[in-house]
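Asks: Here is the input, now give the coordinates:
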Amino acid sequence: MSPSHHFMTCQNFEIHYTEWGQADAPVVICWHGLTRTGRDFDELAEALASKYRVICPDTPGRGLSQWSDQPLQHYSVPFYAQIALDLANQLGIEQFKWVGTSMGGLIGMVVAAMAPERVQQLVLNDVGPEVPVAAVERIRTYAGSQPSFNNVSELEAWLRQVYIPFGDNSDAFWRRMAMTSARRTSAGKVTLHYDVRLVEPFKNYTGEETLWPLWSLILCPTLIIRGELSDLLSAEQVEQMLASKPQANAQAVTIAKVGHAPTLATAEQIGLVSKFLD
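Replies: Numbering: from 1, shown residues only. Below is the predicted model of the structure:
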């Protein structure tokens, strides 16, 4: 099965998204991490498509979505949440389930707190209300500058090294990740398909601003997925998240031998998400 590709203007930005499944099925929105694209969810979306209509957007500044000339204003989680709700509104989607990896999970928390009547279930993939400064610095190190490569195979080799924390994934996964992460520079080289200015809002990040106040407003059943070796979501933070929610509303699972973040592309991880959503 292959996705269909669509473009829609949300908050004055052209947003690209892929869509899987039948138009009249229950909706799952999958939102990617900081420097990634909606194509990261291809394996999960294809597996869910027999039961759900799956929407996988590219965030502004990534993939095929429009870039901003005001990164400090537009490359922020609250603005991305407005994009998400605008997209759902224009598609006529009243209620939906949300799967968010890293930044996509932060956006999901904001959306679920802003519109609790609309988010039916929430999957937070290796992210919580509090993001450690050290993890943000690590991400800024590789996200703030873009290397160039002679070809896509060199890019793939680089991705395999940078994203070692993703754990074991198939050769097909890495090749698709390279193909959907690549764009040509004016010099004809291959580089990554995102705007390096997306890290500008994090230059003065201190870790003091958290989403804990919003976490208490989230009412829907929530699955927290943590990579055992993650530097972004600690076991202690997961315990704190669970302790503040009724047991029926939040549950957590740890993926062994994986850091930040589980790809949700392996049979085991797809099974966990599918079982929760069902």
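Asks: Only C-alpha atoms from now on, for both contacts and neighbour counts.
Replies: Fine.
Asks: Spell out the residue ranges of the strands in the stretch 51-200 of the chain.
Replies: The residue ranges that make up the strands of the stretch 51-200 of the chain, judged by DSSP state E, counting those that start in this stretch, are 53-57, 96-101, 119-125, 182-184, 190-192.
Asks: Now render the ones you listed as TSV, adding mean neighbour count, distance to residue 253 and mean pLDDT.
Replies: Converted to TSV, the strands of the stretch 51-200 of the chain look like this (neighbours: other Cα atoms under 10 Å; distance: least, Cα to Cα, whole Å; pLDDT from 0 to 100):
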stretch	mean neighbour count	distance to residue 253	mean pLDDT
strand 53-57	26	23	98
strand 96-101	24	14	98
strand 119-125	25	10	98
strand 182-184	18	32	96
strand 190-192	23	31	96
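Asks: quick one: which of these is nearest residue 246?
Replies: strand 119-125 (14.6 Å; Cα to Cα).
Asks: Quick one: list the elements packing against the closest one.
Replies: Judged by 3 or more Cα pairs under 8 Å, 6 or more residues apart in numbering; DSSP states H and E, strand 119-125 is in contact with strand 96-101, helix 103-114, strand 222-227.
Asks: Columns distance to residue 137 on top of the ones you listed, output as TSV?
Replies: Shown next, in TSV, are the helices and strands packed on strand 119-125 (distance: least, Cα to Cα, whole Å):
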stretch	distance to residue 137
strand 96-101	18
helix 103-114	15
strand 222-227	19
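Asks: if we compare these, which one ends up closest to residue 153?
Replies: strand 96-101 (25.4 Å).
Asks: Mind listing the strands the closest one pairs with, and their directions?
Replies: Next to strand 96-101 in the sheet, as set by DSSP bridges, lie strand 27-31 (parallel), strand 119-125 (parallel).
Asks: what comes into contact with that strand?
Replies: By Cα atoms under 8 Å, 6 or more residues apart in numbering, the residues outside strand 96-101 that reach it are 26-33, 105-108, 118-127, 261, 277.
Asks: Which residue of this protein lies farthest from its centroid?
Replies: Computed with Cα atoms, centre = their mean, the residue of the chain farthest from its C-alpha average is residue 187, at 30.2 Å.
Asks: Relative to residue 80, how far out is that one?
Replies: Distance of residue 187 to residue 80, given as Cα to Cα, to the nearest Å: 31 Å.
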